[in-house]
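>>> Need coordinates for the following:
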Amino acid sequence: MSLLTLEEVSRSFGGLKALGETSLGITENEFFGIIGPNGAGKTTLFSVLAGQLPPSTGRIVFDGTDITGWSADRVAAAGLVRTFQLMRPFESMTVLENVAIASHARHRSTLKARAHAADVIERVGLGKYMYSMSGTLPTAGLKRLELARALALEPRMILLDEVLAGLVPHRTRPHHRAAAQHPRRWRDRDVRGTHHGGRHGAVPAPAGDARRPPARPRRAGGSHCRPAGHRRLSWGGLLVILELDDVCAGYRRLEILHNLSLQVNEGEIVSVIGANGAGKTTMLRAIAGLIPVSRGSIRFRGEPAGNRRADQIVRGGLVHVSQDRALFGNLQVHENLTMGAYTQPKSSIADSLAQVYDLFPILKERRAQRADTMSGGQQQMLAIGRALMARPAVLTLDEPSIGLAPNLVAQVLDAITRIRATGVTVLIVEQNASQALAISDRAYVMESGSIVLEGTGAGRGDSPEVRKAYLGM
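Below is the predicted model of the structure:
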């Protein structure tokens, strides 16, 4: 007997059919995968199953009960729980507190809820971070926290949405182990699902982290890394538009960046690469004014920018696109784009919209669609487009390829080179080192909150020094 059955389930948004009529059955203790290109409807399917979106047609039966049209909290209480591709924990709360909130749904006693949460945290490998603020976790830690919050609800079935997206290969194995250790674990029945254009079909399954101490600066061919505090002139006499000098920053008492120095010249694409937890996102948040700088300086266009308000930094011409995209999900595409132009005169909005639509034609085609109904790739394009509406001089991008199919990654990176051609300077943070280096004029490698290597972008991905600093190889 199937634990979950779908009968001709579909979901449309106006005239757009995001999920075609889908029928499938999943039995208890089965590991079932759904694969497909970006925009195929995978996340929409999960949102329908989990009660975030009602189906347009069809019937959903879970554990013998028709749950079609149930609310998300009712579906979760019944034992069908999902994770989200973009993690949004309560950043001002500890890891334990985040998971305990979910535990309270099953254990009314605060003591029992916290004890159960602590057990789940240990099982997913976050024990040493139990009392850390969730906002300080690297991407791999946030992925585990997302899994822990779902497991704390003691589900009969768990839906994992792109649970490995954004992780380097050696960090994916602990997530497999954590899911496998769940008491009601799924067993691999040699079946995977495919999902393409809203249609489902079964195919055979394919066969078969402690932090390192800070690395010392090292030379690599024509590149060099500066010790903390060392200043130098820009490359080739170009104007320095953004400079960080001995920057230290973090979260409360936890310092993440340690005497970090780099510079970006006008008209460049500069990449910062490094493993999970290196401090890349923290660096961009400090530049964007989202977290305070405790020591050191940030200068933009020659003026001090450290510890200025985020809105002042945007008005000055430096705009940040965060890893979670931070779209207004209940607003349409064109409304999201217009919100990005709030610092600009109304007379410029039409011209800016035309430029964004030229860069991302799919946004013009979907301009009346709600942002939260778009695929991950389309949402990334919308996030970049909204940032461009502010007419930035410098655009900072945090993991723009995260969670995207390879063909979508190529489209986004091509768009970045086209953005630079319009005169916008780009600072990009990426784990996808080879792709980022291929489009970059220069690149920095971060490790444990500091720059350990600097050089020209093209061709550096094959450098043994980059592999050592980035992968520990």
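>>> which secondary structure element contains the residue nearest to the spatial centre of the chain?
The geometric centre of the chain, computed from its C-alpha atoms, lies nearest to residue 323 (CA atoms, centre = their mean), at 4.2 Å. Under the criterion DSSP states H and E, no helix or strand holds residue 323.
>>> Distance of it relative to residue 377?
15 Å (CB to CB, to the nearest Å). C-beta coordinates here come from the backbone N, C-alpha and C atoms, glycine included.
>>> picking up where we left off before, shouldn't the residue nearest to the centre of the chain be in contact with residue 398?
Yes: in this structure residue 323 lies within contact range of residue 398 using CB atoms under 8 Å: 4.3 Å.
>>> anything in contact with each of these two?
residue 281 (CB atoms under 8 Å, 6 or more residues apart in numbering).
>>> so where's this structure shaky on pLDDT?
14-15, 37-39, 164-238, 253, 457-473 (pLDDT under 70).
>>> how about a cut-off of 50?
168-170, 183-235, 458-459 (pLDDT under 50).
>>> in it, which helix has the most residues?
Across the chain, the longest stretch assigned as helix under DSSP state H is helix 406-421.
>>> Any idea how far it is from the middle of the chain?
In terms of CA atoms, centre = their mean, to the nearest Å, the gap separating the centre of helix 406-421 from the centre of its chain is 17 Å.
>>> For it, name the packing helices and strands.
Contacts defined by 3 or more CB pairs under 8 Å, 6 or more residues apart in numbering; DSSP states H and E place helix 406-421 against strand 269-273, helix 349-359, helix 376-388, strand 425-430, helix 433-439.
>>> then the third one to PDB, C-alphas only?
The one in question is helix 376-388. What follows is helix 376-388, C-alpha atoms only, in PDB (Å, rounded to 0.1, in the frame of the first residue of the first chain):
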ATOM      1  CA  GLY A 376      14.900  28.800  -8.700                       C
ATOM      2  CA  GLY A 377      16.700  30.000 -11.900                       C
ATOM      3  CA  GLN A 378      14.100  32.500 -12.700                       C
ATOM      4  CA  GLN A 379      14.100  33.800  -9.100                       C
ATOM      5  CA  GLN A 380      17.800  34.300  -9.400                       C
ATOM      6  CA  MET A 381      17.400  36.300 -12.600                       C
ATOM      7  CA  LEU A 382      14.700  38.400 -10.900                       C
ATOM      8  CA  ALA A 383      16.900  39.100  -7.900                       C
ATOM      9  CA  ILE A 384      19.800  40.300 -10.100                       C
ATOM     10  CA  GLY A 385      17.300  42.300 -12.200                       C
ATOM     11  CA  ARG A 386      15.900  44.000  -9.200                       C
ATOM     12  CA  ALA A 387      19.400  45.000  -8.000                       C
ATOM     13  CA  LEU A 388      20.100  46.500 -11.500                       C
END
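>>> contacts for the very next helix or strand once past it?
Following helix 376-388 in sequence order, the next helix or strand is strand 394-398 (DSSP H and E). Strand 394-398 is contacted from outside by 241-242, 264, 280-281, 284, 287-288, 300, 317-323, 384, 387-388, 416, 419, 424-429, using CB under 8 Å, 6+ apart.
>>> Report the inter-axis angle for strand 394-398 versus strand 269-273.
Per axes from the mean of the first three to the mean of the last three CA atoms, to 10 degrees, the angle that strand 394-398 makes with strand 269-273 is 30 degrees.
>>> residues of the longest helix of the chain that come out buried?
For helix 406-421, a neighbour-count test (16 or more other CB atoms under 10 Å) marks 408, 409, 411, 412, 413, 415, 416, 419, 420 as buried.
>>> Give me the distance from the one helix or strand residue 334 maps to to the chain's centre.
Following DSSP H and E, one finds residue 334 within helix 333-339. Between the centre of helix 333-339 and the centre of its chain there are 21 Å (CA atoms, centre = their mean).
>>> Check which helices and strands that helix sits against.
Judged by 3+ CB pairs under 8 Å, 6+ apart, helix 333-339 is in contact with helix 349-359, helix 376-388.
>>> Out of the ones you listed, which is closest to residue 8?
When the helices and strands packed on helix 333-339 are compared by CB to CB, helix 376-388 sits nearest residue 8, at 25.5 Å.
>>> what about the strands in the stretch 201-350 of the chain?
240-251, 254-265, 269-273, 293-300, 303-304, 318-321 (DSSP state E, counting those that start in this stretch).
>>> looking at the ones you listed, which is closest to residue 11?
strand 318-321 (27.8 Å).
>>> Pull up the pairing partners for the closest one, direction included.
Partners of strand 318-321 in the sheet, by DSSP bridges, are strand 394-398 (parallel).
>>> who touches the longest helix of the chain?
Residues outside helix 406-421 that contact it (CB under 8 Å, 6+ apart) are 37-38, 267-269, 359-360, 376-377, 380-381, 384, 388, 395, 397, 400-401, 404, 426, 428, 432, 435-436, 438-439.
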